[in-house]
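In: have a look at this prediction, sequence included:
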Amino acid sequence: MSRLPSTGSAAAADATSIRTSPVQPATPSAGATQPPGQPFTLYASAGRVLCSNKRDKLVDLGILEAGGGEGAGEGAWRYQLDGDDTIAASGFPSADEALADLAGAMTFLFLDGQFTALADVGEGGRPELADATQIHITLDPLGHGSPAIAADV
């Protein structure tokens, strides 16, 4: 798997557990503390990466498709975000793994900016996402550029 450039997903990978989708948000046990942050859900749908926030706004972030990329092999998954062409990687065996890597590559500041700048793609008829591959993440708004602090794949 190649990423352009390295954005520190190793730390996010430690906080990521792989699970089959669809995924339901984890409910904290009594006494457990949640990390501070804002929840988002990333979806792989129709060759695109979509993301929703806690207000249920849905934005289109970029490409997520099977088809490899340079040196990636047939059928490998790749992503490329529209808002920042440096957030790109390829060579993933599944959409789940591509989304997990993407979760570690994004920051709250980037994603918050996308929700401010982009129109809600759900306004013209929300796409059906119940069966879409998805990942729930929490990003720290005070992290000032830190990658995902929690990911539920």
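Out: Cool, got the structure. Since the structure is predicted, the reported quantities are computational estimates derived from the model, not experimental observations.
In: and the strands in the protein?
Out: 2-4, 16-17, 38-45, 48-53, 58-66, 77-81, 88-92, 133-139, 150-152 (DSSP state E).
In: partner strands of the longest one and their direction?
Out: If I follow you right, that is strand 58-66. Take DSSP bridges as the rule and strand 58-66 pairs in its sheet with strand 48-53 (antiparallel), strand 77-81 (antiparallel).
In: turn those into CSV, columns for mean pLDDT.
Out: As requested, the strands paired with strand 58-66 are exported to CSV (pLDDT from 0 to 100):
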stretch, mean pLDDT
strand 48-53, 95
strand 77-81, 95
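In: which one, of the ones you listed, ends up nearest to residue 62?
Out: For residue 62, the closest of the strands paired with strand 58-66 is strand 77-81, at 3.8 Å, according to Cβ to Cβ. (Glycine included, C-beta is placed from N, CA and C.)
In: quick one on the thing from earlier: tabulate the strands of the chain (a markdown table), appending distance to residue 99.
Out: Output for the strands of the chain, formatted as a markdown table (distance: least, Cβ to Cβ, whole Å):
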| stretch | distance to residue 99 |
| --- | --- |
| strand 2-4 | 14 |
| strand 16-17 | 10 |
| strand 38-45 | 5 |
| strand 48-53 | 7 |
| strand 58-66 | 7 |
| strand 77-81 | 8 |
| strand 88-92 | 9 |
| strand 133-139 | 4 |
| strand 150-152 | 9 |
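In: the ones you listed: which one's closest to residue 119?
Out: Going by Cβ to Cβ, the one of the strands of the chain nearest residue 119 is strand 58-66, 7.6 Å.
In: no further questions, thank you.
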